[in-house]
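1. Sharing a model that was predicted from the sequence below.
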Amino acid sequence: MPELRINPDKVCEFLEAAREVAGKVPATSGDQTSTGDDSPLAFMEEDVSRDPVREQMIEFVAGLNVEEQTDLLALIYLGRGDFSLSEWDEALREAGDRIAAGDPRYMIGERALPAYLEEALEKFDKTCPD
């Protein structure tokens, strides 16, 4: 089994913040950008791009070393099904290429980010405490 170079506790810390931010991101169902119910698009009162938790997530990612950032992004890829666990090295290569761009924001903002990370950790037989 491949090994993580990022401590799962760090992933869990990031995941918790992602849950908080994801709860503030409006769903896309009903806004003609996705399939789903036909409920009206809910507009948010607050600007999530200036959310302090989101900013903490950006700082968190920026504070990780390159190997940790690469693993975190590869976990996202794994969790959303872009790669399987047997393709972990490929996921790391793809993530490494993206990390070279130097912008930690690309990992933040997807509503499904917490689910992706949970799914990926489970593939490594890891879970976050409740």
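-> Cool, got the structure. Residues are numbered from 1 along each chain as shown.
2. Helix or strand: which one has Arg5?
-> Taking DSSP states H and E as the definition, one finds Arg5 inside no helix or strand.
3. Identify the residue nearest it in space, chain neighbours excluded?
-> Distance criterion CB to CB, 6 or more residues apart in numbering; nearest residue to Arg5, sequence neighbours excluded, is Glu67 at 4.3 Å. Bear in mind the C-beta positions are built from the backbone N, C-alpha and C, glycine included.
4. burial measure for the one you found, as a count.
-> 14 (other CB atoms under 10 Å).
5. pLDDT (mean, whole number) over stretch 62-80?
-> Mean per-residue pLDDT for stretch 62-80: 94.
6. so how far is the lowest-mean-pLDDT helix or strand in the chain from its chain's centroid?
-> Within the chain, no helix or strand scores below helix 52-63, which has a mean of 88 by mean pLDDT, DSSP states H and E. Relative to its chain's centre, helix 52-63 lies at 12 Å (CA atoms, centre = their mean, to the nearest Å).
7. For that helix, buried residues please.
-> For helix 52-63, a neighbour-count test (16 or more other CB atoms under 10 Å) marks Val53, Arg54, Met57, Phe60, Val61 as buried.
8. The most centrally placed residue in the chain - nearest residue in space that isn't next to it in sequence?
-> Centrality entry for the chain: nearest residue to the mean C-alpha point is Leu113, 3.7 Å, by CA atoms, centre = their mean. The shortest distance from Leu113 to any non-neighbouring residue, by CB to CB, 6+ apart, is to Ala18 (4.4 Å).
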